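Visitor: model this:
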Amino acid sequence: MTEVRKPYAAMIGFYPSDRGELIRAIESSFLREGFGPGRLPKPLSRRDQCCVVGGVVPHAGYSYSGPCAAHFYLELAETTLAPDTFVILGTNHTGYGGFFTTTKRFAKWLTPLGEIPVDLELIDEIMKRTSRVVDDYLAHLEEHSIEVELPFLQYIYGDGFSIVPITVRDATPSMARDMASAILEAAKALGRRIVFLASSDFTHHGYMYGYIVFSENIAENVAKLDLSIIERILELDTEGFYKRLTDTGATVCGYGAIAALMEYAKSVGAKPRLLKYYNSAQLTGEEDIAVGYAAISFHKPE
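Guide: Now for the predicted structure:
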């Protein structure tokens, strides 16, 4: 049985449910002074210079992380033709499913900008290549981490792509390598051109997150902590990335998705580049809560 997944994240306020308001929110993210890139994407002006094969993008409400995400989506729009499929590994906030959880229950995902088809064939190919991926629609029914990326993709590419949604939790480095290999080999087997997205926020600091290590200059210190973690990503040092997380206890919610992307990047010869970082305390000026956001592109010559 296949159904259409309704836009849960829109319903609970991560982004507007009205089409016109949503487009304005996306464009405001691009144009947000000091935090967004400051302009709207131009059509494929540099596609002959590089090709984006993946990215780390945040998944908070658009008023917080949207301007950061816009840096990645601007580079994607201006350098990369629409792929056949976006393979999106998001954080598993619900706890349902396994370490890697997809679902074939939904043939399409709905947002206020329209429906996006799911690449069910590619899901089957991935699941043939690793037993770590399970199918459980409950892990996606009330999960926002994948959904919040979709309107940005629709704004750029319209309806010319499909998706593979996979939530991730508690993945080890070896699991990340296995997942990256399965995605790469499945895409090759079907001749799919894919872009691999890891949807993750960075350090969550504050009482509500159970993580308080700084008592002063919180925005600055959270930024320093996150940038020390991002340095390992930019070096494609998966083991070092995990070690840094363990040493600091930093609450990077989508670390397993990021690690899988890092391993995928190594396999395809892609290089990462940090496009933007800030945290919510730097945005709002309120330090009782600070959540880090980063936009990192992974690219290789065409």
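Visitor: and residue 160, what helix or strand is that in?
Guide: Under the criterion DSSP states H and E, no helix or strand holds residue 160.
Visitor: show me the contacts for it.
Guide: Contact partners of residue 160, counting by Cβ atoms under 8 Å, 6 or more residues apart in numbering, are residue 82. In short, each C-beta sits where N, CA and C put it, glycine included.
Visitor: the one 10 residues further on now?
Guide: In this structure, residue 170 makes contact with 99, 256, judged by Cβ under 8 Å, 6+ apart.
Visitor: now swap in the one 10 residues further on and tell me
Guide: Contacts for residue 180 were tallied using Cβ under 8 Å, 6+ apart; they are 260-261, 263-264, 266-267.
Visitor: where along this protein do the strands fall?
Guide: Counting by DSSP state E, the chain has strands at residues 3-5, 51-57, 85-91, 100-102, 106-111, 114-117, 133-135, 162-168, 194-199, 204-206, 271-279, 289-300.
Visitor: got the CA positions of the second one in PDB?
Guide: Right, strand 51-57. Taking C-alpha atoms only, strand 51-57 is exported to PDB below (Å, rounded to 0.1, in the frame of the first residue of the first chain):
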ATOM      1  CA  CYS A  51      29.300  19.700  -9.500                       C
ATOM      2  CA  VAL A  52      27.700  19.400  -6.100                       C
ATOM      3  CA  VAL A  53      27.300  15.700  -5.100                       C
ATOM      4  CA  GLY A  54      26.300  16.200  -1.500                       C
ATOM      5  CA  GLY A  55      25.800  18.600   1.300                       C
ATOM      6  CA  VAL A  56      25.300  19.000   5.100                       C
ATOM      7  CA  VAL A  57      22.200  21.200   5.600                       C
END
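Visitor: show the end-to-end separation of stretch 124-136, please.
Guide: For stretch 124-136, the first-to-last residue distance is 14 Å (Cα to Cα, to the nearest Å).
Visitor: centre of the chain to it, how far?
Guide: Centroid separation between stretch 124-136 and its chain, computed with Cα atoms, centre = their mean, to the nearest Å, is 20 Å.
Visitor: go on, stretch 292-299?
Guide: The chain centre lies 9 Å from the centre of stretch 292-299; the measure is Cα atoms, centre = their mean.
Visitor: report the central residue of the chain.
Guide: Nearest to the mean C-alpha position of the chain, by Cα atoms, centre = their mean, lies residue 199 at 2.0 Å.
Visitor: pretty sure that one sits against residue 88.
Guide: Yes - using Cβ atoms under 8 Å, residue 199 makes contact with residue 88 at a distance of 6.2 Å.
Visitor: give the residues shared as contacts by the two.
Guide: Counting by Cβ under 8 Å, 6+ apart, the shared contacts of residue 199 and residue 88 are 146, 149.
Visitor: first-to-last residue distance for stretch 112-126?
Guide: The separation between the terminal residues of stretch 112-126, taken as Cα to Cα, is 29 Å.
Visitor: go on, stretch 78-90?
Guide: 24 Å.
Visitor: follow-up on the earlier one: and of the strands of the chain, who's closest to residue 240?
Guide: Nearest of these to residue 240, taken as Cβ to Cβ: strand 271-279 at 13.6 Å.
Visitor: okay but residue 105 is in contact with residue 120, surely?
Guide: No - with contacts counted by Cβ under 8 Å, residue 105 stays clear of residue 120, the gap being 10.3 Å.
Visitor: got any residues that touch both of these two?
Guide: Common contacts of residue 105 and residue 120 (Cβ under 8 Å, 6+ apart): residue 2.
Visitor: now stretch 158-169: mean pLDDT?
Guide: For stretch 158-169, mean pLDDT is 96.
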